[in-house]
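Participant: mind looking at a prediction? Sequence and model below.
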Amino acid sequence: MLMHWHLCQLTRVKTRPFLVVVLMLKMARHCFFMIGISLVLCCWTLKANAEYMRYKDPKRPIPLRINDLISRMTLEEKIGQMAQIDRSVASAEVMKNYYIGSVLSGGGSVPAKQASPETWMDMVNELQKGSLSTHLGIPMIYGIDAVHGNNNAYNATIFPHNIGLGATRDPELVKKIGAATALEVRATGIQYSFAPCIAVCRDPRWGRCFESYGEEPEIVQAMTELIPGLQGEMPANFQKGVPFIAGKDKVLACAKHYVGDGGTAKGIDENNTVTNWHQLLSLHMPAYYDSIIKGVATVMISYSSWNGIKMHANHDLITGFLKNTLHFRGFVISDAQGIDRITSLPHANYTYSILTSINAGIDMIMIPYNYTEFIDGLTFLVQNNFIPMSRIDDAVRRILRIKFMMGLFENPLADHSMTKHLGSQENRELAREAVRKSLVLLKNGKSVNQPLLPVSKKESRILVAGSHADNIGNQCGGWTIEWQGLSGDITVGTTILTAITNAVNQKTEVVFQENPDATFVKSNNFSFAIVVVGEPPYSETYGDSLNLTIPEPGPSVISNVCGSVKCVVVLITGRPVAIQPYLDQVDALVAAWLPGTEGQGVADVLFGDYGFTGKLPHTWFKTVDQLPMNIGDPNYDPLFPFGFGLETVTKIKP
């Protein structure tokens, strides 16, 4: 219109024709210039709109962020999110090229022996930077088996294993332990703990019985307070059942192993749990209800079977019950190489294992090594319509929901200021309290009127004996530094021998002989002896035992010492063991379970600074022929019943 007006004006004056042409060309060039500017501005606007990704905006609702991000993802990126690989095969390049969603440290998988928290953090951050370098920049989650503290990390506080915490009957204490563990896990840059194990151990022959809080579902339900300890307390107005993670000093929790892992036949690990639907719901499922209500972020599937169906293949229990009936909104994760075990010969038909497990409802697969085989196999199954895209999208939505909920997109890198929490004195004092409360006094004196405990700190000579008295690895048990645990000086802590030495009067002589003979004991005029014996460290299938005996020289030490002088036997075990043959020989008997690094808690109670208060979380059998035997069973005839525990009063200090 402007150009037309100028032309009209030119025709009204007497102007030379060539001037009209020149003016017209100038005006045309001006218009093209203006059009060019408009096009540039338009491109800039389009580019700005393209760069604004709603999923990166923390002010947006999480469902909108999930939808926006999923709409941008390729199948390759989605399948990558469903893969969890071990750190030993991970690198920044692998994270970038395969869009890996999660990394883990299996038991003993560490960046270096006795690695510092800074070394851990640097490793985690390096892998995270690989994930962030992709065009969508989806951060990865790093997980670890922090089942009694951050137990893979050197110098971490090692709390009592779950069986000991069950003996405390103290859910608030367990919540505090969860919060302390979260700090120590974050101290190494890690955001995800594969805990708690909420199995209900119905047979102590099971090698994982020490990971169970007790034989009754009520104890296990109460101890799900570990979850708000790890993840943070859910706000009052927050929707129950939706995963909740409070912030940068908290970690994801994992309720495991779904479901029935503590009820396998003869206590054999990964075996078949034979029970009807009512018993499954009443014995093994209740703690999952509590965990979901408390906002647990993830659920791990059990290696075991239920009535012959492998749990990793059980669509009815994973999708039908856990997701659809219980409305679990977090993500479901497999156990390590759990899908391989769907076939009788592990990994015999991996394509079938992928198909069955994903269609059953498992969202993230703990592979953990041969990830390309999994990625290629799952890609083939989706592209050929064996697995619907809706199933993939469900899995990825669940994984992304957790990543958004925990603030991982806003704070993907580990914070070096957290390193101070690893093995802090405050956490060690909490562990010491847990040890004190976990001890169960089974016998005290040859008669009721002649109790031996608490013993005096002022006796002239005390004998300490046994393979577990001065061995930090033995008193920590499995899942400590290594998957199976290790005997010896494996991490920083206080042995029971050191604790006794610290507790007694300066004038009291403490003599340690790991395996003394009777002559030595009789000839040294000891006031009394403390014998500390038990099981060697073990985990999972390696801990399965059909006889539950204390290995030699434990029984010999009990006989040699307790046959010669008044003695207290302290048992370091992951479960009840065969003790009846020695019971008459001992004056006092203490179940100390697997107390962890803070052995001072044992001495606190032996010498009367605190009283015995612990109660048996498991029935203590007379002979293994009685097993399985649980409270309420017909013909219940234990050596010590479920809930038993003698008490002592605190000595009045002078």
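Facilitator: Cool, the structure landed.
Participant: now do the helices in the stretch 151-300 of the chain.
Facilitator: 162-168, 171-186, 217-222, 226-231, 277-279, 286-293 (DSSP state H, counting those that start in this stretch).
Participant: the first one: which residues count as buried?
Facilitator: Put plainly, it is helix 162-168. Under the neighbour-count criterion of 16 or more other CB atoms under 10 Å, helix 162-168 has Asn162, Ile163, Gly164, Leu165, Gly166, Ala167, Thr168 buried. From N, CA and C alone the C-beta is placed, and that goes for glycine too.
Participant: chain center to that helix, what's the gap?
Facilitator: From the chain centre to the centre of helix 162-168 is a distance of 16 Å (CA atoms, centre = their mean, to the nearest Å).
Participant: include mean pLDDT and distance to Ile62 when you put the helices of the stretch 151-300 of the chain into CSV, please.
Facilitator: Converted to CSV, the helices of the stretch 151-300 of the chain look like this (pLDDT from 0 to 100; distance: least, CB to CB, whole Å):
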stretch, mean pLDDT, distance to Ile62
helix 162-168, 99, 32
helix 171-186, 98, 22
helix 217-222, 98, 29
helix 226-231, 98, 16
helix 277-279, 98, 35
helix 286-293, 98, 18
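Participant: Lys615 is nearest to which of those helices?
Facilitator: Nearest to Lys615, of all the helices of the stretch 151-300 of the chain, is helix 162-168, at 6.1 Å by CB to CB.
Participant: re earlier: using JSON lines, lay out the helices of the stretch 151-300 of the chain together with distance to Ala518.
Facilitator: Below are the helices of the stretch 151-300 of the chain laid out as JSON lines (distance: least, CB to CB, whole Å):
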{"stretch": "helix 162-168", "distance to Ala518": "32"}
{"stretch": "helix 171-186", "distance to Ala518": "41"}
{"stretch": "helix 217-222", "distance to Ala518": "41"}
{"stretch": "helix 226-231", "distance to Ala518": "45"}
{"stretch": "helix 277-279", "distance to Ala518": "50"}
{"stretch": "helix 286-293", "distance to Ala518": "48"}
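Participant: quick one: closest of those to Leu453.
Facilitator: Closest to Leu453 of the helices of the stretch 151-300 of the chain is helix 162-168 (CB to CB; 16.6 Å).
Participant: what's the closest one packed up against?
Facilitator: Here helix 162-168 touches helix 171-186, helix 425-438, going by 3 or more CB pairs under 8 Å, 6 or more residues apart in numbering; DSSP states H and E.
Participant: so which residues make contact with it?
Facilitator: 147-148, 159, 173-174, 177, 196-197, 201, 209-214, 219-220, 223, 434-435, 437-440, 574-575, 591-595, 613-618, 645 (CB atoms under 8 Å, 6 or more residues apart in numbering).
Participant: just to revisit the earlier point, a markdown table for the buried residues of helix 162-168, including distance to Asn152?
Facilitator: Converted to a markdown table, the buried residues of helix 162-168 look like this (distance: CB to CB, whole Å):
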| residue | distance to Asn152 |
| --- | --- |
| Asn162 | 17 |
| Ile163 | 20 |
| Gly164 | 20 |
| Leu165 | 19 |
| Gly166 | 23 |
| Ala167 | 25 |
| Thr168 | 24 |
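Participant: and Pro368, backbone torsions?
Facilitator: As for Pro368, its main-chain torsions (degrees, to the nearest 10) stand at phi -100, psi 0.
Participant: er, Ile572 actually
Facilitator: Ile572 adopts backbone torsions of phi -110, psi 100, taken as degrees, to the nearest 10.
Participant: so it sits against Gly599, correct?
Facilitator: No. Ile572 is beyond contact range of Gly599, at 9.8 Å (criterion: CB atoms under 8 Å).
Participant: between these two, which contacts overlap?
Facilitator: Common contact partners of Ile572 and Gly599 (CB under 8 Å, 6+ apart): Gln475.
Participant: buried ones in stretch 574-587?
Facilitator: Neighbour counts over stretch 574-587 (16+ other CB under 10 Å) mark Gly574, Arg575, Pro576, Val577, Ala578, Ile579, Tyr582, Val586, Asp587 as buried.
Participant: same check on stretch 511-530?
Facilitator: By neighbour count on 16+ other CB under 10 Å, the buried set for stretch 511-530 is 512-516, 520-521, 524, 526-530.
Participant: and what of stretch 446-457?
Facilitator: By 16+ other CB under 10 Å, the buried positions in stretch 446-457 come out as Pro451, Leu452, Leu453, Pro454, Val455, Lys457.
Participant: just stretch 119-132 next, same as before
Facilitator: Thr119, Trp120, Met121, Asp122, Met123, Val124, Asn125, Leu127, Gln128, Gly130, Ser131, Leu132.
Participant: please apply the same query to stretch 458-476.
Facilitator: 459, 462-476.
Participant: hmm, Trp206 is touching Gly260, no?
Facilitator: No. Look at Trp206 against Gly260 with CB under 8 Å: they stay out of range, at 11.8 Å.
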